[in-house]
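# pasting the sequence and the predicted coordinates here, then a few questions.
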Amino acid sequence: MRVLHVITGLDTGGAEQQLRLLLRRLPLRCDVVTLTNPGVVADGLRSDGVEVTHLGMGGNRDLAALPRLTRLIRRGRYDIVHTHLYRACVYGRLAARFAGVRTTIATEHSLGAAEIEGRPLTASTRTLYRGTERLGSATVAVSETVAGRLRAWGVPAERIHIVPNGIEAARFRYEPLARLAERARLGIAPTEFVVGGVGRLVPGKRFDLLVRAVAALPDVQLLIAGDGPERNALNALAEQLGAGERVRLLGECDGDGRTEQHVGTAATWGPRPAVADVLSALDVFVSTSREEAFGLAAVEALAAGLPVLHGPCPAIDDLPAHQSPGALRLDGTLDQLIGALRRQLAAGQRRQPPPAIVGHYDIARSGDLLMDVYTRTLARSAPRYRTNIPYPPPTERART
């Protein structure tokens with residue numbers, strides 16, 4: 001069985017990192033095509049021995065990418081085309097159909113109630129998504145919450161399969177010496193109380209709420225691992241609230257390669273720290289997102305033995321509460337977050353064994369579930385597509 005994974009980009013991100021973790025677990029020949037931005041995850045995949053092709057797509061309306069992708073799929077004689085993220089799902093499903101591939105699967109990583117991949121859901125976005133979804137064989141949802149949203153959109157329930165995101169729990173296991181080393185690197189004393197968050201610095205993550213909460217607690221430090229367009233605004237807010245020295249924006253963190261890293265407004269060239277290292281330095285993890293499709297960072301924090309304060313987080317909300325005793329659901333108000341942090345500060349620095357939810361989201365289990373989807377979907381598919389859409393498209397055929 002040969003599988004081609006098509007993804008919008010391969011810079012650091014949850015879907016991108018999840019793809020790399022899964023490919024390490026799948027007992028298959030898998031190649032990857034990135035439509036744009038072959039970043040650090042592309043480098044990591046290549047170091048794992050995966051063939052990565054950059055399609056060089058110029059933007060959402062670069063229709064010339066479609067015949068290029070179609071030819072690549074035909075040459076590879078793939079059994080399955082598996083797409084990830086909105087743009088790749090639209091173009092990948094079409095290209096697979098043109099190429100005559102019999103099984104096309106898409107993973108929906110980032111579908112929210114009002115946003116998709118951090119952008120507002122519009123009527124045209126939904127129409128294009130639903131239209132191209134019908135060209136596929138199956139859609140994978142990363143959580144029951146996402147599966148429910150897909151059903152509400154009219155995707156037939158029998159076409160939806162749940163394969164949750166997964167983690168390598170051992171990477172996040174708490175080690176006191178690693179904690180001391182990371183705090184020393186960051187210039188944080190062992191006894192200081194540190195709050196942290198992980199994610200893209202975009203409005204939907206609401207890191208401004210976390211900055212305001214920490215600013216109200218003079219004995220607390222804040223670390224945020226991630227980068228994005230809100231960086232300057234968050235730095236400015238911390239300075240305005242008199243907490244500039246206690247709020248540190250660390251930049252992207254993944255542990256692979258070398259990249260620019262940030263502490264406050266300073267930038268240096270050096271190894272990118274791992275999220276696991278940052279989590280080891282914390283005393284409590286906070287997720288302030290407006291909405292999530294999964295909430296992987298919260299699971300990683302639970303694997304590190306941290307108390308977790310969170311807003312909407314399907315990874316936790318979709319399972320019984322007793323599986324994540326270290327997690328507390330918040331209503332998203334500043335006063336409640338400040339109160340919850342005060343209680344954590346009063347309880348002091350503490351770690352607990354990883355709860356049952358961590359085992360539920362083991363990446364090996366996710367790989368097994370995905371293999372099951374591949375096997376069952378491939379068995380149901382017709383031998384080859386017979387489509388009334390000519391291949392190559394007329395303009396491309398004229399060139400060849």
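Looks like it arrived, so ask away.

# A293: what's it in contact with?
Contact partners of A293, counting by CB atoms under 8 Å, 6 or more residues apart in numbering, are 108-112, 142-143, 145-146, 314. The way it works is simple: take the backbone N, C-alpha and C, and place the C-beta from them, glycine included.

# again with D317
145, 329.

# torsion angles phi and psi at it?
phi -70, psi -30 (degrees, to the nearest 10).

# before we move on, what about Y129?
The phi/psi pair for Y129 (degrees, to the nearest 10) reads phi -60, psi -50.

# remind me, longest helix of the chain?
helix 363-380 (DSSP state H).

# how far off centre is that one?
Relative to its chain's centre, helix 363-380 lies at 20 Å (CA atoms, centre = their mean, to the nearest Å).

# just checking, what packs against it?
Under the contact criterion of 3 or more CB pairs under 8 Å, 6 or more residues apart in numbering; DSSP states H and E, helix 363-380 touches helix 14-23, strand 80-84, strand 103-108, strand 138-141, strand 160-162.

# picking that back up, now intersect the contacts of A293 with the strands, please.
E108 (DSSP state E).

# run a quick neighbour tally on the residue lying closest to R351 once chain neighbours are set aside.
Leaving aside its sequence neighbours, R351 sits nearest to G305 (CB to CB, 6 or more residues apart in numbering; 3.8 Å). Per other CB atoms under 10 Å, the neighbour tally for G305 reads 19.

# who's in contact with V52?
Counting by CB under 8 Å, 6+ apart, V52 touches 10, 31-34, 38, 42, 45-46.

# 10 Å instead?
5, 7, 10, 31-34, 38, 41-46 (CB atoms under 10 Å, 6 or more residues apart in numbering).

# quick check, nearest of those to L370?
If you rank those by distance to L370 using CB to CB, H5 comes first, at 11.0 Å.

# what's the closest of the contacts of V52 to V220?
V41 (32.6 Å).

# so the closest one sits against H5, correct?
No - V41 is beyond contact range of H5, at 11.7 Å (criterion: CB atoms under 10 Å).

# and for the two, which residues touch both?
Taking CB under 10 Å, 6+ apart as the contact criterion, the residues that touch both V41 and H5 are 19, 32, 34, 52.

# closest to S287 among those?
Of all the shared contacts of V41 and H5, the one with the least separation from S287 (CB to CB) is L19, at 22.0 Å.

# residue contacts, that closest one?
Counting by CB under 10 Å, 6+ apart, L19 has contacts 5, 7, 10, 13, 30, 32, 34, 41, 45, 50, 82, 84-85, 107, 109.

# ditto for E292
By CB under 10 Å, 6+ apart, the residues touching E292 are 14, 110, 112, 142-143, 145-146, 199, 204-205, 298, 310-317.

# in a helix, V194, correct?
No - applying DSSP: H, G, I helix; E, B strand; the rest coil, one finds V194 to be strand, outside a helix.

# among the shared contacts of V41 and H5, which are located in strands?
Mapping the shared contacts of V41 and H5 onto strands (DSSP E) picks out 32, 34, 52.

# which one of the residues you listed is nearest to R74?
Within these, the smallest distance to R74 is 17.1 Å, found for V32 (CB to CB).

# and the closest one, how many neighbours?
Neighbour count of V32, defined by other CB under 10 Å: 25.

# one more: R246?
Here the count is done by other CB under 10 Å, and R246 has 22 residues near it.

# likewise C253?
22.

# pLDDT score assigned to the residue lying closest to it once chain neighbours are set aside?
Closest residue in space to C253, ignoring its immediate chain neighbours: A225 at 4.1 Å, by CB to CB, 6+ apart. Note for A225: predicted pLDDT of 95.

# where does the stretch 301-400 of the chain dip in pLDDT?
382-400 (pLDDT under 70).

# could you dump the ones in strands among the shared contacts of V41 and H5 to a markdown table with pLDDT and distance to H322?
What follows is these, written out as a markdown table (pLDDT from 0 to 100; distance: CB to CB, whole Å):
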| residue | pLDDT | distance to H322 |
| --- | --- | --- |
| V32 | 98 | 39 |
| T34 | 97 | 40 |
| V52 | 97 | 42 |
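
# could you single out the nearest of those to D335?
Comparing the ones in strands among the shared contacts of V41 and H5 against D335 with CB to CB places T34 closest, at 43.4 Å.

# wait, the closest one sits on V50?
No - contact between T34 and V50 fails when scored by CB under 10 Å: they sit 11.2 Å apart.

# those two: which is more packed in?
T34 (27 against 18).

# from R87, how far off is that one?
Using CB to CB, to the nearest Å, T34 is found at 11 Å from R87.

# likewise for R350?
Using CB to CB, R350 is found at 44 Å from R87.

# what about those two, which has more around it?
Per other CB under 10 Å, whichever of R350 and R87 has more neighbours is R87, with 21 against 12.

# quick one: the strand or helix carrying the more buried one to chain centroid distance?
R87 is located in helix 86-99, with elements delineated by DSSP states H and E. With CA atoms, centre = their mean as the basis, helix 86-99 stands 21 Å off its chain's centre.

# for it, packing partners?
Under the contact definition 3 or more CB pairs under 10 Å, 6 or more residues apart in numbering; DSSP states H and E, helix 86-99 sits against strand 2-7, strand 29-34, helix 65-76, strand 80-84, strand 103-108, helix 123-133.

# can you redo those as JSON lines with distance to R329?
Formatted as JSON lines, those follow (distance: least, CB to CB, whole Å):
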{"stretch": "strand 2-7", "distance to R329": "31"}
{"stretch": "strand 29-34", "distance to R329": "36"}
{"stretch": "helix 65-76", "distance to R329": "42"}
{"stretch": "strand 80-84", "distance to R329": "29"}
{"stretch": "strand 103-108", "distance to R329": "24"}
{"stretch": "helix 123-133", "distance to R329": "28"}
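
# any idea which of those gets closest to A170?
strand 29-34 (23.1 Å).
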